[in-house]
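In: based on what follows, work out the 3D shape:
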Amino acid sequence: MLEFRFRSLLELRRGERDVAMSELAATIANLEELVRRRQTIDAARQAALRDPSLTRVGRLQIRSLLDQQRYHQQLTDAHDRAIDEEVTASAVVQRCQAAVREATTEVRRLELLAEKDLAASMMRRAKAEQAAIDEVAARISLSNVSQLRDSMSGVKR
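Out: This is a model prediction of the structure:
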């Protein structure tokens, strides 16, 4: 059996590619969770803005108004933090995607090298077999020529 000389390196690179793909999947899942959380916060902000108690005519309840403003500010702050986390997570996703592309390219390069190595090995083996066949054919031919000479020399006698 033919053995690729960089087999262990190829296996190592495949492992690195698999790890990079797993990390990418995890970072994408994290980003999706952050987006869902931000959407929940956005929905809460919209609901707070539509709260009829904010547009009520009549006696203002300062305490209630301040509580609502604080709640809205907390939602806005949470929204801003969620966006910052999404931006950070997006950068991580991009780095992971680049790592997957790089690892995949390296694996493919080594696989192509393995294919070329296999083809060269098979070519060397075929040449060696052909040389052995040629050697046998040459011996048979010499033997036939020798036998023919012997038979011809026996006819002349």
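
In: in the protein, which residue is closest to the centre?
Out: Nearest to the geometric centre of the chain sits Val100, at 3.8 Å (Cα atoms, centre = their mean).

In: so for it, what's the nearest residue that isn't a sequence neighbour?
Out: Nearest residue to Val100, sequence neighbours excluded (Cβ to Cβ, 6 or more residues apart in numbering): Ala20, at 4.6 Å. For glycine as for every other residue, the C-beta is placed from the backbone atoms N, C-alpha and C.

In: contacts only, for that neighbour.
Out: With contact set as Cβ atoms under 8 Å, 6 or more residues apart in numbering, Ala20 has these partners: Cys96, Ala99, Val100, Ala103.

In: so how many other residues sit close to the last one?
Out: Right, Ala103. The burial count assigned to Ala103 is 19, neighbours taken as other Cβ atoms under 10 Å.

In: hmm, Ser22 and it touching each other?
Out: No - using Cβ atoms under 8 Å, Ala103 makes no contact with Ser22, being 11.4 Å away.

In: one step back: the residue nearest to the centre of the chain: which element?
Out: Element membership of Val100 [criterion: DSSP states H and E] is helix 62-156.

In: and that helix, how far out from the chain middle?
Out: Chain-centre distance of helix 62-156: 11 Å, with Cα atoms, centre = their mean, to the nearest Å.

In: quick one: mean pLDDT over that helix.
Out: Averaging pLDDT along helix 62-156 yields 89.

In: and stretch 34-48, by the same measure?
Out: 91.

In: what does it rub up against?
Out: Gln68, Tyr71, His72, Leu75, Thr76, Ala78, His79, Ala82, Ile83, Glu85, Glu86, Ala89.

In: residues touching Ala119, list them.
Out: Going by Cβ under 8 Å, 6+ apart, Ala119 touches no other residue.

In: which among the contacts of stretch 34-48 count as buried?
Out: Buried members of the contacts of stretch 34-48, counted by 16 or more other Cβ atoms under 10 Å: Gln68, His72, Leu75, Ala78, His79, Ala82, Glu85, Glu86, Ala89.
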